[in-house]
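S.K.: only geometry, no sequence info:
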């Protein structure tokens, strides 16, 4: 009787604060230990690892990855799946670049709004097909992955260099020369989304749908609407990611972002978001993001061949998902 | 005995499948007529034969992958597997290994890949989508690493015969394709093992309770899909004469589209090998026809995505109506 875990309402303030980000349990402690171990390993192999310049580039380089994983976390908590994020980002990016090239009189701010709208629209297409017709999300987004990428190649023969100083500065400038603006964006996005998940009806309903869609429907939750909304949110962040990506690379190319879905999945799964839905939080995703970003950086510092990095990235995803499976294993897995 | 007692639901489902196959055949014929009217060289023997030998290598993979899908799992790593096998075959040939031994070793490699996937899915209990998306990149990355991004010549008499040889004037890959389809058809429709796969796809829990070793069956389907992909990789290396790390890139989308087109459900339990055959034919006629019409590759890619989503949407809508 002594150890009944009753919430008394007298929790310490910092526990409450952490609670906002840990709405559902993820392996945060083990992730932090993993990160520390990694830092020690990389630091002992490369003298450049523990420098401010290196950390600056680590944090600036995972910006796109972070924004994308913010969106897909929402989708996956709701039990969905989105393979089309890389293509959505690529298509949005090249459209922005083309708009800036052909209609240079349009102010940059409006182009950014257009980017977000395009992203939302592409997400809406996914959401409508998945929720209204009821096709499996994997198949839908596998199809739209090909469609969006194919459309992006319409502009393959253009050399879409971006000539806007403001646009270029979005993803490449630093506060005081140290803290990248992109890290600030990611922190703001993650905090807002964590608050949304914790305090809004939408957030609670999303977890319920991910946990058991049928029961959620019986409980009167508008499942279709929330599912569509989750894909629109994912599309929105693809649009934002496209802005940052084109800003960092200074151009729009149709092949940008291909294969990104693999990395994003690795981050999200490592962060504790389960594939079936209903579990996951933003603190886990954030730490996993830092870990994956550091690994990508460490592989460069250790001079690992490019092709071998692909193997390691795939292997990491397999490892992450295996750990996840072993942790959530049914006590008696019979079939 | 149970096979003779047809419940109304099963009868309805059979009818549903039959009408689907007929619809697909009509689609195929319409496409054939359309392409032969618009492109003069489409109906030439040369084009048709080359189309058939090109489709055979992924048709083989599609036939076996249908089993994996019916059992309720999926294997995305086939494309990477094809790339890796073609590279390993080319490297072995370059170092002067006998052609038969190359075939044996590559099939063993495919089996090892299948075993690894099967281990992840059945023993560790990983979701097969994520697991095979991960291993896909591992195999592809290994293919790039071993070949250093280069393509390697793969020419030796035995391997040449595999993709370009002819028996009674019929290209050998087409013969292989027909044989493997026939075997898969017999297994899925007339064997105990095939029935088990269907049962598992419909309800794994109930199958386990009625004494089916679910894990073993699933493991074997992954093993076979690994071997089939390796065979596909060998044929592709032989058809093109080189082992290339890019071989089979994006092929998983094509193959899975073909299977779903044929009426196999992604959740498992529903599907037919014959449906896959028609699906493979439709996809390759679409590809070949669009190429003959000089359509840009990215339009083909868009067409493929649209076909995939549209087809699955119609199935889903019809299935809903059937249940009502």
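M.R.: Thanks, I have it. Keep in mind the model is a prediction, meaning the values are calculated, not measured.
S.K.: only C-alpha atoms from now on, for both contacts and neighbour counts.
M.R.: OK.
S.K.: okay, residue A:5: pLDDT?
M.R.: pLDDT recorded at residue A:5 is 47.
S.K.: show me the contacts for residue 42.
M.R.: Going with chain A. Going by C-alpha atoms under 8 Å, 6 or more residues apart in numbering or on different chains, residue A:42 touches A:49, A:298.
S.K.: to clarify, I was referring to chain B.
M.R.: Contacts for residue B:42 (C-alpha under 8 Å, 6+ apart) come out as B:35-36, B:48, B:289, B:292.
S.K.: low-scoring stretches of the chain, by residue?
M.R.: Just going to use chain A. Across chain A, the ranges flagged by pLDDT under 70 are A:1-27, A:328-335.
S.K.: try again with chain B
M.R.: If you take pLDDT under 70 as the line, chain B has these spans: B:1-18, B:323-324.
S.K.: quick one: the helices in it?
M.R.: Counting by DSSP state H, chain B has helices at residues B:8-38, B:45-70, B:78-94, B:99-118, B:128-147, B:157-164, B:172-190, B:192-202, B:204-209, B:214-240, B:251-261, B:273-292, B:297-323.
S.K.: and those, which is most packed in?
M.R.: Highest mean neighbour count among the helices of chain B (mean count of other C-alpha atoms under 10 Å in any protein chain shown): helix B:78-94, with a mean of 29.
S.K.: quick one: that helix near chain A?
M.R.: No. Shown here: helix B:78-94 not in contact with chain A (C-alpha under 8 Å from any C-alpha of the partner chain), separated by at least 11.1 Å.
S.K.: alongside chain A, which residues does the stretch 51-200 of chain B contribute?
M.R.: The interface of the stretch 51-200 of chain B toward chain A, taken as C-alpha under 8 Å from any C-alpha, is made up of B:120, B:122, B:124-127, B:130-131, B:133-142, B:144-145, B:148-149.
S.K.: one more time with 10 Å
M.R.: Residues of the stretch 51-200 of chain B lying near chain A by C-alpha under 10 Å from any C-alpha of the partner chain: B:120-149, B:200.
S.K.: leaving out chain neighbours, which residue sits closest to whichever residue of the stretch 151-300 of chain A sits closest to chain B?
M.R.: Residue nearest to chain B within the stretch 151-300 of chain A: residue A:153 (6.3 Å; C-alpha to the nearest C-alpha). In space, and not counting its chain neighbours, residue A:153 is closest to residue A:254: 5.3 Å by C-alpha to C-alpha, 6 or more residues apart in numbering or on different chains.
S.K.: residues in contact with the nearest residue to residue B:264 once chain neighbours are set aside?
M.R.: In space, residue B:264 comes closest to residue B:271 once its chain neighbours are excluded; the distance is 3.7 Å by C-alpha to C-alpha, 6+ apart. Going by C-alpha atoms under 10 Å, 6 or more residues apart in numbering or on different chains, residue B:271 touches B:17, B:66-67, B:69-71, B:188, B:198, B:201, B:259-260, B:262-265.
S.K.: try it again at 7 Å.
M.R.: B:70, B:263-265 (C-alpha atoms under 7 Å, 6 or more residues apart in numbering or on different chains).
S.K.: for chain B, what are the nearby residues on chain A?
M.R.: Listed as neighbours of chain B in chain A under the rule C-alpha under 7 Å from any C-alpha of the partner chain: A:133-135, A:140, A:143-144, A:146-147, A:150, A:153, A:307-308, A:310-311, A:314-315, A:317-318, A:321-322, A:325-326, A:335.
S.K.: gap between the residue nearest to residue B:264 and residue B:27?
M.R.: Distance from residue B:271 to residue B:27, counting by C-alpha to C-alpha, to the nearest Å: 19 Å.
S.K.: and the residue nearest the centre of chain A, helix, strand or coil?
M.R.: Nearest to the geometric centre of chain A sits residue A:69, at 0.6 Å (C-alpha atoms, centre = their mean). Secondary structure for residue A:69, judged by DSSP: H, G, I helix; E, B strand; the rest coil, is helix.
S.K.: then the one 10 residues further on?
M.R.: When states are read from three-state DSSP, the local structure at residue A:79 comes out as coil.
S.K.: test my guess that it contacts residue A:210.
M.R.: Yes. If you go by C-alpha atoms under 7 Å, residue A:79 and residue A:210 touch, sitting 4.3 Å apart.
S.K.: which neighbours do these two have in common?
M.R.: Each of A:276-278 lies in contact with both residue A:79 and residue A:210 under the rule C-alpha under 7 Å, 6+ apart.
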